[in-house]
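**Q** Build me a model:
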Amino acid sequence: MSYGDPNNPYGQPPQQPPAAPGYGYPQQGPPGVPPQQGYGYPQQPAYPGYPGGNVMQQSMPGLLMTARVFLFLISAVQILGAIGFLYGAAVANDVSDSADEFGFTSTSDFGDAAAGLFVVFALIAAALAALSITLGVKFSRGGQGIRITTVVYGALGGILGLIYLFVGIDSGFASAVIFPLIWVVFAVIITIAPVVPSGTAWFARPRY
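**A** As a prediction, the model looks like this:
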């Protein structure tokens, strides 16, 4: 018997051909070289997210949610202010008409001027209410423009609140301090919410 005979039970077993790499599995390369991605398993792209991770945010951060609620509350106050100014304009107009009937020209002119001033204040309050509502609604899908506008809007509101707060403190009445203090707190939250990392990442997130 010969060791080369394939039928010899005492001979060496025949050499098997190397196995081909399986379908979908990475092929082995030379030592020190990482394996290549296998056919059928495409490399998954990493979605951009906030700094420090590749996870895309799916829900609005809590601080932005709070700022959004504050914007809606402020808009309600501004709407009430606009209604109050319109009522003041109507009262001033009635006073002006009554003064005309009795011949008080100076009082009539003063009433007309006051009515016009109240109307201007009412329009300003209504415009600010519309802006507050728009910013709050746009938080869900807004971009950098909404973010910057919110920061500027909150900062200006905070400055105005501080002025009224100092006036209230000088007056010595506690009731004149409470409302401006609440306004300042709201303005600070609205200002810093889009600036912190979570807020910045929310407005910079990809939209599909």
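**Q** how does the protein divide up, domain by domain?
**A** Following automatic domain parsing, the chain resolves into domains at 64-132, 141-208.
**Q** Which single helix of this protein contains the most residues?
**A** In the chain, taking DSSP state H as the definition, the longest helix is helix 62-102.
**Q** Sketch out the low-pLDDT regions of this structure for me.
**A** Low-confidence regions of the chain, defined by pLDDT under 70, span residues 1-58, 100-104, 208.
**Q** Remind me what the host helix or strand of Leu156 packs against, helices and strands.
**A** Element membership for Leu156, per DSSP states H and E: helix 144-171. Contacts of helix 144-171 with other secondary structure elements, assessed using 3 or more Cβ pairs under 8 Å, 6 or more residues apart in numbering; DSSP states H and E, are made with helix 62-102, helix 105-138, helix 175-192, helix 197-203. Heads up, the C-betas are built off the backbone N, CA and C, glycines and all.
**Q** Dump those helices to JSON lines, plus distance to Thr149 and mean neighbour count.
**A** Output for the helices and strands packed on helix 144-171, formatted as JSON lines (distance: least, Cβ to Cβ, whole Å; neighbours: other Cβ atoms under 10 Å):
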{"stretch": "helix 62-102", "distance to Thr149": "11", "mean neighbour count": "16"}
{"stretch": "helix 105-138", "distance to Thr149": "6", "mean neighbour count": "16"}
{"stretch": "helix 175-192", "distance to Thr149": "11", "mean neighbour count": "17"}
{"stretch": "helix 197-203", "distance to Thr149": "11", "mean neighbour count": "18"}
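**Q** got the contact list for the residue nearest to Ile133 when sequence neighbours are not counted?
**A** Among residues not flanking Ile133 along the chain, Ser75 sits closest, at 4.8 Å (Cβ to Cβ, 6 or more residues apart in numbering). With contacts defined as Cβ atoms under 8 Å, 6 or more residues apart in numbering, the neighbours of Ser75 are 128-130, 132-133, 136.
**Q** hmm, back to that, quick one: closest of the helices and strands packed on helix 144-171 to Val152.
**A** If you check each of these against Val152 by Cβ to Cβ, helix 175-192 wins as the nearest, at 8.7 Å.
**Q** Who are the packing partners of the closest one?
**A** In terms of contacts (3+ Cβ pairs under 8 Å, 6+ apart), helix 175-192 is packed against helix 62-102, helix 144-171.
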